[in-house]
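J.: 3D, please:
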Amino acid sequence: VVLVIINISVTIWTIYNFERLTSALNRIIAEDYPNIMAVENMARSIGNHEDAIGLALSRDADSGRARFAEAKTEFFQWFEEANKNLVVPDAKPILENIKSTYAGYLIVTDSLFALVSQKQYGEAKTFYSNTVIPFTQRLTENCFWLIEENQKEMQTVAERTKTISDEAIIAVLFASLLAI
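T.: Numbers count the residues shown, from 1 in each chain. Model prediction:
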């Protein structure tokens with residue numbers, strides 16, 4: 001009777017630990033990972049903006065504008081996705097910083113495209129180097145900062161998952177030894 005009670009208790013403890021393990025893994029899969037992907041795609045879209053600007057500076061203004069508009073839409077979609085899944089405590093201020101920097105970026109790129117439209121390519125290239133690139137760098141740095149914070153959070157959850165897994169293994173081993 002005592003062994004049955006011990007086995008039932010250990011089984012309940014094991015089921016509880018496996019539930020905690022499942023919950024931690026679901027958090028990584030359902031919350032943390034999609035957020036990292038959204039921020040990585042935001043950073044990638046900034047690269048697409050730069051490719052579009054490169055086209056415009058290479059005297060293909062129409063293609064540059066069209067690709068820039070696509071990249072802009074893509075950026076906003078991924079920004080909204082990242083904003084929906086705020087997993088990291090510091091994510092909100094970082095996203096606000098990205099949003100305000102991006103607003104400034106759009107203003108300076110509008111000025112850049114105005115120079116390109118006027119066929120002032122020399123001035124446009126200088127403006128790009130002196131004004132646009134610092135915005136691009138700041139946007140990219142902020143995206144990578146947020147990715148880093150998300151990865152730290154995933155690491156914390158992964159460590160918790162390992163601890164829970166270890167507890168479950170010990171409980172199963174203990175129950176097996178008692179059953180013998």
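J.: I'd guessed residue 50 sits against residue 139; true?
T.: No - Residue 50 is beyond contact range of residue 139, at 10.2 Å (criterion: C-beta atoms under 8 Å). C-beta here means a position set from N, CA and C on the backbone, and glycine is covered the same way.
J.: name the helices or strands packed onto the longest helix along the chain?
T.: Determined from DSSP state H, the single longest helix within the chain is helix 133-179. Helix 133-179 makes packing contacts with helix 2-27, helix 33-57, helix 91-117 when contacts are defined by 3 or more C-beta pairs under 8 Å, 6 or more residues apart in numbering; DSSP states H and E.
J.: Of these, which is nearest residue 174?
T.: helix 2-27 (5.7 Å; C-beta to C-beta).
J.: Centre of the chain to the host helix or strand of residue 63, how far?
T.: In this structure, residue 63 is located in helix 61-84 according to DSSP states H and E. Mean C-alpha position of helix 61-84 versus that of the full chain (C-alpha atoms, centre = their mean, to the nearest Å) differs by 16 Å.
J.: hmm, who's touching that helix?
T.: Contacts of helix 61-84 with the rest of the structure, by C-beta atoms under 8 Å, 6 or more residues apart in numbering, involve 34-35, 38-39, 41-42, 45-46, 48-49, 51-58, 91, 95, 98-99, 102, 106, 109, 113, 116-117, 146.
J.: repeat that with 6 Å
T.: Residues outside helix 61-84 that contact it (C-beta atoms under 6 Å, 6 or more residues apart in numbering) are 38-39, 41-42, 45, 48-49, 52, 55-56, 95, 116.
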